[in-house]
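Participant: I would like to see how this sequence folds:
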Amino acid sequence: MKNTKSNKFHKRSEEELNDFIKKLDLQALETAEERLPLYLEVGLKDAKFVLDVGCGSGFVTRDIARLTKGWVVGIDGSCGLIDVAKKILKDYSNTKLCIGNAEQLPFKNNSFDIVTCNLLLMWADDPKKVVNEMARVTKPKGKVLASLEPDYGGKIHWPENPKVDPLFAGEAIRKKGGDPHIGRKLRALFISAGLETNIGIGNNRIWSCEEDKHYYLHSRDFYIKVLKEAGLSEEEIDEWEYEYLKSLDEGVQLNFFPQFYAIGIKPKS
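Facilitator: Below is the predicted model:
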C-alpha cells in the first residue's frame, strides 16, 4: 500500500498516537461550525450512502452519522485509528468501518451519494489520485466534498515572531511530508477529476484572544514539541511563549489562516 495520510501521518508510538487522538478530538470540535453547514449544503440529511475517506479516529465521522439516516462508511489506512473509531462510533448503528487505501478505494464505480474527506488531501502522496478515486465511486449527480483543507501560505499572524512563525506557516507540515499549500489547489484537483466545482473558505470568523488562548493551552504540548523538534532552545521557547501569552492577555494577538472547502458534483455519464 502506498503512503497516504494513514501511513505518513499516523505511524507514531502509542504515546504519540494518544496525544494525536486528543488533538483530533479537539480539532473536530473546533471545526464543527465550519463543516456542519457544508454537510447540509451537499444534502447529507437525505443521502442513502455516504463514504468518509480518511476517517481517522472517527470524530468527524460521528458528526456525519448524526446528520443522516443513511448508511455511512468510514475508511482509513491505519488499523490503530480504525480501532479508536470503532469505540467512538459504537452507538451508531448506521456506520461501517474498513481499512483501505484512499488512492485505491475498494468500492465499485458509482456507489455513493456523497463522498467526503476532511484534512486528508494535505497528507496524501498523490491528492489528485485520491480525488479521482472519490469521484469514481460517487454516483452521477452525487457530490464530492473536501470539507477542510488549509493553506498555510495564507496564514496571518500578529505580533510576528521571525523564528517561530515560519514553523507554523508550513515548515512543520512540510517536514512531516504534508503539503501546506493544498488549499489553493482544491479547484484544480476537483476540476481535473471531472467535477462541477465550487470552492470557498469555511473559516470566515476570526477567533477572539480568549478562544485562541484556550486552544493554545489545550494544545500546548503539541506546540512545544514542534518547537523543540525545530531546534529551538528551552530559553527561546520560554521567551516565545511569554510574549505570545502576553499578547493574548493584552487582547492584541491575531491569528488567521484560510481553510478551504470544495464541493464537486459528478455529471451524468
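
Participant: List the buried residues for stretch 247-265?
Facilitator: Judged by neighbour count (16 or more other CB atoms under 10 Å), stretch 247-265 contains these buried residues: 247-248, 253, 255, 257-265. Yep, even glycine has a C-beta here, placed from its N, CA and C like the rest.

Participant: cool, stretch 45-54 as well?
Facilitator: Neighbour-count burial for stretch 45-54, counted by 16+ other CB under 10 Å, picks out 47, 49, 50, 51, 52, 53, 54.

Participant: Dump it to PDB, restricted to CA.
Facilitator: As requested, the backbone C-alpha atoms of stretch 45-54 are provided in PDB (Å, rounded to 0.1, in the frame of the first residue of the first chain):
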ATOM      1  CA  LYS A  45     -29.500  14.600   5.600                       C
ATOM      2  CA  ASP A  46     -31.200  12.800   2.700                       C
ATOM      3  CA  ALA A  47     -28.200  10.700   1.400                       C
ATOM      4  CA  LYS A  48     -28.600   7.000   1.500                       C
ATOM      5  CA  PHE A  49     -24.900   6.000   1.100                       C
ATOM      6  CA  VAL A  50     -22.100   8.200   2.400                       C
ATOM      7  CA  LEU A  51     -18.300   7.500   2.300                       C
ATOM      8  CA  ASP A  52     -15.900   9.300   4.700                       C
ATOM      9  CA  VAL A  53     -12.400   8.800   3.200                       C
ATOM     10  CA  GLY A  54      -9.500   9.100   5.700                       C
END
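
Participant: picking up where we left off before, quick one, which of the buried residues of stretch 247-265 has the minimum pLDDT?
Facilitator: Sorting the buried residues of stretch 247-265 by confidence puts residue 257 at the bottom, with a pLDDT of 84.

Participant: Just give me the neighbour total for the spatially closest residue to that residue that is not a sequence neighbour.
Facilitator: Closest residue to residue 257 in three dimensions, ignoring its sequence neighbours and counting by CB to CB, 6 or more residues apart in numbering: residue 155, at 3.6 Å. In terms of burial, residue 155 registers 17 neighbours under the definition other CB atoms under 10 Å.

Participant: And for residue 184?
Facilitator: Neighbour number of residue 184 under other CB under 10 Å is 14.

Participant: Ok, residue 29 next?
Facilitator: Burial of residue 29 is recorded as 12 neighbouring residues (other CB under 10 Å).
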